[in-house]
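Visitor: Have a look at this prediction, sequence included:
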Amino acid sequence: MNKQPPKILAYLLPSFKDILWMGAFFGVLFEGRQMMNGDGDLGRHLTLGRYILDNKAIPINDIFSHTMTGQAMTPHEWLSQVLFASAERILGLNGVILLSAFVIATAFWIVLKQSESKTQSIFTAIFAGIFAVTTSMIHWLTRPHIFTFLLMALWMTVLHQMREGKVKRWWMLPILMLFWANLHGAFIAGFVNWILFGIGIIFDKFWNNSTKEDGLPAAFWRYYLLGGVSSFLITFINPSGLGLWKTSVGYLGNKYLVDHTIEYQSPNFHSVNFWPFLFFFILLMFLMGLSNKKPKSTLLIVSAAWLGMSLYSARNIPLFGIVSAPLLASVMDDLIHQTSSKFKFVKWFKGLDHRIKNMEKNLPGILWPTMSIILIIVGALLGVQVGSEERRYAFDPEVFPVAAVDWLENNPQEGEVFNYFTWGGYLLNRQWPEYLVFIDGQTDFYGEALTRQYMQVINLENGWESVFEQYGVDWAILPSDEIASRYIPVDLGWEIIYKDDTTTILHK
């Protein structure tokens with residue numbers, strides 16, 4: 001007769017899901033400075049979030065640039081921006097990183113839980129969960145897309161639950177979509193998965209010889225369609241209504257903008273950053289080739305589609321990890337069952353796995369993640385710094401014009417500015433509303449025409465001077481190593497009024 005451990009011990013021991021959550025959570029805290037400096041958009045998100053909190057209104061016309069002032073814009077990430085700005089108001093930039101850590105860790109906790117439901121092996125679920133986390137790290141940034149990690153994991157969980165018989169949970173789809181459509185423009189991914197998942201079910205029914213046990217729950221399609229259609233309708237509950245769809249779809253359809261956005265480029269496997277993704281899909285293909293059992297098409301089709309999208313555009317790699325982890329766990333589990341009668345080690349491993357999984361069932365979990373959050377929040381409130389000075393959460397003066405903006409605060413400039421694209425968000429964060437930017441990272445708003453004009457100037461292409469004339473540009477703030485910062489003073493006779501290793505400021 002097996003004795004159960006004392007209840008207090010069960011609460012004190014962390015579960016494997018707790019360990020994965022804490023690994024991702026502290027991983028984000030460790031990488032926090034790099035995350036916030038790896039992209040130029042955080043400053044814009046904080047600025048918009050503060051504006052919404054202060055004015056109790058969501059701007060639907062541009063008030064941040066002098067090039068597009070008054071033009072209609074789609075605030076498709078307004079809720080994320082409010083959350084980031086709220087976190088900053090409470091805990092400063094520590095709060096932004098803490099929020100990011102919580103969202104990312106919780107997303108992959110859900111992925112592990114979903115993987116666990118597709119396998120009888122706790123080890124295969126953990127292995128798949130770890131692969132999903134490491135694969136996603138390529139796109140760990142303090143930006144609204146991290147909420148898509150979480151919403152994608154939740155969305156797929158509901159789809160799988162409906163397929164397994166819990167069809168009356170259809171109402172969770174529109175609720176999730178209401179948040180998703182106001183948190184991040186990639187809400188469209190939810191509908192992509194809904195369609196692919198449905199195709200997978202149909203494929204299993206007609207081409208994959210599904211058994212009676214695989215039969216659909218009663219009235220499945222009625223609830224499945226109800227969930228999808230109601231989710232589509234609820235996306236119109238946003239500040240821009242139909243404009244949300246026009247912006248999201250329109251941007252993806254603009255080849256120039258997509259081709260000039262780094263994260264939309266195909267992964268470069270010569271970079272070690274992409275190796276976890278490379279190993280993930282090679283391992284998945286290899287194990288599927290060894291397995292005698294056909295995987296469920298609902299898993300296979302969704303994973304195959306996101307693999308294709310990830311090979312085309314690197315920003316989709318984390319989403320591939322999220323949808324494919326359950327498939328990897330399932331295939332590994334099939335192989336363990338397939339080989340346990342042939343190899344003693346596999347049989348022993350299977351027994352160990354079974355015992356640990358039974359132990360895992362008796363561990364409520366949550367205590368360690370909860371304590372981790374409390375400790376970090378208390379530490380932040382007390383001013384305790386996470387990590388070394390080099391990892392302090394701050395904008396890096398070698399990446400952003402920190403010292404130059406300090407100088408501008410004491411030496412304000414008259415007229416309109418031409419700014420480096422990546423610095424637009426930082427300038428808004430530090431200088432708005434005193435200064436309006438020429439452009440920032442929201443290219444879905446600024447569009448192809450202005451982006452081309454920006455590139456014309458920054459590359460000193462023929463006729464670039466006319467862009468300054470058109471927009472009445474009187475001064476510019478550019479990286480010191482940018483060719484334009486060296487030739488504008490020569491070609492236009494402008495004066496260099498400030499210069500350091502990072503930034504050069506020019507004026508007529």
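Guide: Structure received.

Visitor: Show me what counts as buried in the longest helix anywhere in the chain.
Guide: Using DSSP state H to assign secondary structure, the helix with the most residues in the chain is helix 93-117. When burial is assessed from 16 or more other C-beta atoms under 10 Å, helix 93-117 yields the following buried residues: 93-116. Yep, even glycine has a C-beta here, placed from its N, CA and C like the rest.

Visitor: separation between Arg89 and Val96?
Guide: Computed with C-beta to C-beta, to the nearest Å, the distance linking Arg89 and Val96 is 10 Å.

Visitor: ok, now Asp440?
Guide: As judged by C-beta to C-beta, Asp440 and Val96 stand 18 Å apart.

Visitor: Kindly report the same for Tyr256.
Guide: 31 Å.

Visitor: next one: the longest helix of the chain to chain centre, how far?
Guide: For helix 93-117, the gap between its own C-alpha mean and the chain's C-alpha mean amounts to 11 Å (C-alpha atoms, centre = their mean, to the nearest Å).

Visitor: Quick check: what element follows that helix along the chain?
Guide: The element immediately downstream of helix 93-117 (helix or strand, assigned by DSSP states H and E) is helix 122-136.

Visitor: So which elements touch the helix or strand just after that next one?
Guide: Downstream of helix 122-136, the next assigned helix or strand under DSSP H and E is helix 145-163. With contacts defined as 3 or more C-beta pairs under 8 Å, 6 or more residues apart in numbering; DSSP states H and E, helix 145-163 has these neighbours: helix 93-117, helix 172-183, helix 188-206, helix 220-234, helix 297-312, helix 317-339.

Visitor: Can you say which of those helices is nearest to Ile377?
Guide: Comparison of the helices and strands packed on helix 145-163 against Ile377 by C-beta to C-beta identifies helix 93-117 as nearest, at 6.9 Å.

Visitor: tell me what that closest one is packed against?
Guide: Using 3+ C-beta pairs under 8 Å, 6+ apart as the contact test, the elements touching helix 93-117 are helix 16-37, helix 78-91, helix 122-136, helix 145-163, helix 317-339, helix 367-381.

Visitor: Trp407 is nearest to which of the ones you listed?
Guide: Ranking these by their distance to Trp407 (criterion: C-beta to C-beta) puts helix 16-37 first, at 20.3 Å.

Visitor: And the contacts of stretch 469-485?
Guide: 66-67, 401, 404, 413-420, 423, 427, 438, 453, 457-460, 467, 488, 494, 497, 499-508 (C-beta atoms under 8 Å, 6 or more residues apart in numbering).

Visitor: buried residues in it?
Guide: By neighbour count, and taking 16+ other C-beta under 10 Å as the criterion, the buried residues in stretch 469-485 are Tyr471, Val473, Asp474, Trp475, Ala476, Ile477, Leu478, Pro479, Ser480, Glu482, Ala484, Ser485.

Visitor: Quick check: helices, which of those residues are part of them?
Guide: Counting by DSSP H, the part of these found in helices is Tyr471, Ala484, Ser485.

Visitor: Out of these, the closest to Phe25 would be?
Guide: Distance to Phe25 across those (C-beta to C-beta) is lowest for Ser485, with 40.5 Å.

Visitor: Could you check the pLDDT of that closest one?
Guide: The score at Ser485 is 93. That number is its pLDDT.

Visitor: same question, Ala449
Guide: Residue-level confidence at Ala449 comes out at 94, pLDDT.

Visitor: can you check Pro6 too?
Guide: Note for Pro6: predicted pLDDT of 64.

Visitor: Equivalent analysis for Leu225, please.
Guide: According to the model, Leu225 carries a pLDDT of 97.

Visitor: Around it, count how many other residues there are.
Guide: 13 (other C-beta atoms under 10 Å).

Visitor: For the protein, spot the helix or strand the model is least confident about on average.
Guide: Within the chain, confidence by mean pLDDT, DSSP states H and E is lowest for helix 7-12 among all helices and strands, at a mean of 69.

Visitor: out of the buried residues of stretch 469-485, which are inside strands?
Guide: Val473, Asp474, Trp475, Ala476, Ile477, Leu478, Pro479 (DSSP state E).

Visitor: From the contacts of stretch 469-485, which land in strands?
Guide: Glu416, Val417, Phe418, Asn419, Ile497, Lys499, Thr503, Thr504, Ile505, Leu506, His507.

Visitor: which of the residues you listed are buried?
Guide: Using 16+ other C-beta under 10 Å, the buried members of the ones in strands among the contacts of stretch 469-485 are Glu416, Val417, Phe418, Asn419, Thr503, Thr504, Ile505, Leu506, His507.

Visitor: my guess is the fifth one meets Leu408, correct?
Guide: By that I understand Thr503. No. Distance between Thr503 and Leu408: 9.8 Å, which falls outside the contact criterion (C-beta atoms under 8 Å).

Visitor: picking that back up, return the member of the buried residues of stretch 469-485 nearest to Ser330.
Guide: Set against Ser330, the nearest of the buried residues of stretch 469-485 by C-beta to C-beta is Pro479 (48.5 Å).

Visitor: so the closest one bridges to which residues?
Guide: Taking DSSP bridges as the rule, Pro479 bridges to Thr503.

Visitor: Quick check: it vs Val457, distance?
Guide: As for Pro479, its distance to Val457 is 13 Å (criterion: C-beta to C-beta).

Visitor: Mutual contacts of the two, please.
Guide: With the criterion set as C-beta under 8 Å, 6+ apart, the contacts of Pro479 and Val457 do not overlap.

Visitor: of the helices and strands packed on helix 145-163, which approaches Leu363 most closely?
Guide: Leu363 lies closest to helix 93-117 among the helices and strands packed on helix 145-163, at 12.9 Å (C-beta to C-beta).

Visitor: Need the mean per-residue confidence for the closest one.
Guide: Computed over helix 93-117, the mean pLDDT rounds to 95.

Visitor: just stretch 352-361 next, same as before
Guide: What stretch 352-361 shows for mean pLDDT is 72.

Visitor: repeat for stretch 67-80
Guide: When pLDDT is averaged along stretch 67-80, the result is 96.

Visitor: then it to CSV, C-alphas only?
Guide: Extracted in CSV, the C-alpha atoms of stretch 67-80 (Å, rounded to 0.1, in the frame of the first residue of the first chain):
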residue,chain,number,x,y,z
THR,A,67,4.3,64.1,-40.4
MET,A,68,0.9,62.5,-39.9
THR,A,69,-0.7,64.7,-37.3
GLY,A,70,-4.5,64.3,-37.2
GLN,A,71,-4.5,61.3,-39.5
ALA,A,72,-6.8,58.4,-38.4
MET,A,73,-4.8,55.6,-36.7
THR,A,74,-5.9,52.2,-35.4
PRO,A,75,-4.9,51.7,-31.7
HIS,A,76,-4.9,47.9,-32.1
GLU,A,77,-2.6,47.4,-29.0
TRP,A,78,-4.2,50.0,-26.7
LEU,A,79,-5.0,47.5,-23.9
SER,A,80,-1.4,46.1,-23.9
